[in-house]
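K.L.:
Task: produce atomic coordinates for the following.
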Amino acid sequence: MKRTVVLSATVIVVLLLAAPSYADVLLTGADWQMNETSGQMLDSSGNNNNGDPTDVRQRGSRYVFNGSTSYVLVPDSDSLDPQGKNITLRAGVKVTDTPMDDDSYDIVRKGLSGSPGGDYKMEIKRAADPTVGKLHCLFKGDEGTVDKVARRDIVDGNRHTLECIKTSTS
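P.N.:
Okay, here's the model as predicted:
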């Protein structure tokens with residue numbers, strides 16, 4: 001099943017995204033307004049973390065993701081590494097209340113397990129029951145890993161504000 005994702009233009013950041021039906025995403029340390037018409041998503045934080053959209057449409061001041069092949073890829077940068085930094089991933093999502101056809105849907109992801117500088121992700125993780133999905137936050141670096149899954153089901157057709165927060169010391 002295809003899921004459409006719409007991102008509105010406020011302070012928004014997406015590294016990789018493929019999943020729910022609506023999302024506003026904020027990543028501390030980078031600033032993507034997602035209001036460009038040039039085809040590239042520009043970082044206004046001064047860190048030059050510009051992103052290249054794939055299969056992403058614009059509808060007014062929103063980016064529209066189709067939920068299967070749409071994403072924005074931002075090249076790796078030390079300014080996005082989690083080591084010793086405060087990082088907040090915040091997303092407003094609305095996921096249709098139909099069974100999840102995959103084990104998880106990435107909202108924001110930086111790197112993979114073993115990536116230099118560490119990795120992190122915010123995703124919607126499917127429970128044993130495919131009609132139940134929960135927020136999953138993961139931050140991994142040289143000092144260890146924090147891996148948390150929320151208790152509440154968010155695959156219910158309602159809008160939810162999700163947060164994954166890491167401080168420089170925890």
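K.L.:
what residue ranges in this protein are flagged as low confidence?
P.N.:
Counting by pLDDT under 70, the chain has low-confidence residues at 1-29, 33-34, 38, 60-63, 67, 116-117.
K.L.:
Under a three-state scheme, what state does the most centrally placed residue in the chain occupy?
P.N.:
Here the mean C-alpha position of the chain is nearest to the C-alpha of V108 (CA atoms, centre = their mean), at a distance of 2.1 Å. With DSSP: H, G, I helix; E, B strand; the rest coil as the basis, V108 sits in strand.
K.L.:
For the closest residue to it other than its chain neighbours, what is the enclosing helix or strand?
P.N.:
Using CB to CB, 6 or more residues apart in numbering and skipping residues adjacent in sequence, the residue nearest V108 is M122, 4.7 Å away. C-beta coordinates here come from the backbone N, C-alpha and C atoms, glycine included. Assignment of secondary structure by DSSP states H and E places M122 within strand 119-126.
K.L.:
partners of that strand, with directions?
P.N.:
strand 104-110 (antiparallel), strand 133-141 (antiparallel) (DSSP bridges).
K.L.:
would you turn those strands into CSV with distance to Q58?
P.N.:
Formatted as CSV, the strands paired with strand 119-126 follow (distance: least, CB to CB, whole Å):
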stretch, distance to Q58
strand 104-110, 19
strand 133-141, 27
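K.L.:
right, and these - which one's nearest V64?
P.N.:
strand 104-110 (15.1 Å; CB to CB).
K.L.:
Let me see the ranges of the helices in the chain.
P.N.:
For the chain, applying DSSP state H gives no helices.
K.L.:
That one: strands as residue ranges?
P.N.:
Taking DSSP state E to define them, one finds strands in the chain at 5-8, 22-27, 52-54, 56-59, 62-65, 71-73, 87-94, 104-110, 119-126, 133-141, 144-153, 159-166.
K.L.:
Please tell me how far G141 sits from F65.
P.N.:
28 Å (CB to CB, to the nearest Å).
K.L.:
hmm, back to that, give me the neighbour count for the residue nearest to V108.
P.N.:
For M122, the count of nearby residues is 26 (other CB atoms under 10 Å).
K.L.:
what's it in contact with, if anything?
P.N.:
By CB atoms under 8 Å, 6 or more residues apart in numbering, the contact set of M122 is V25, L89, A91, D106, I107, V108, R109, L135, H136, C137, L162, C164.
K.L.:
Pick out the most distant pair among these.
P.N.:
Once CB to CB is applied, the contacts of M122 give V25 and H136 as the farthest pair, at 14.9 Å.
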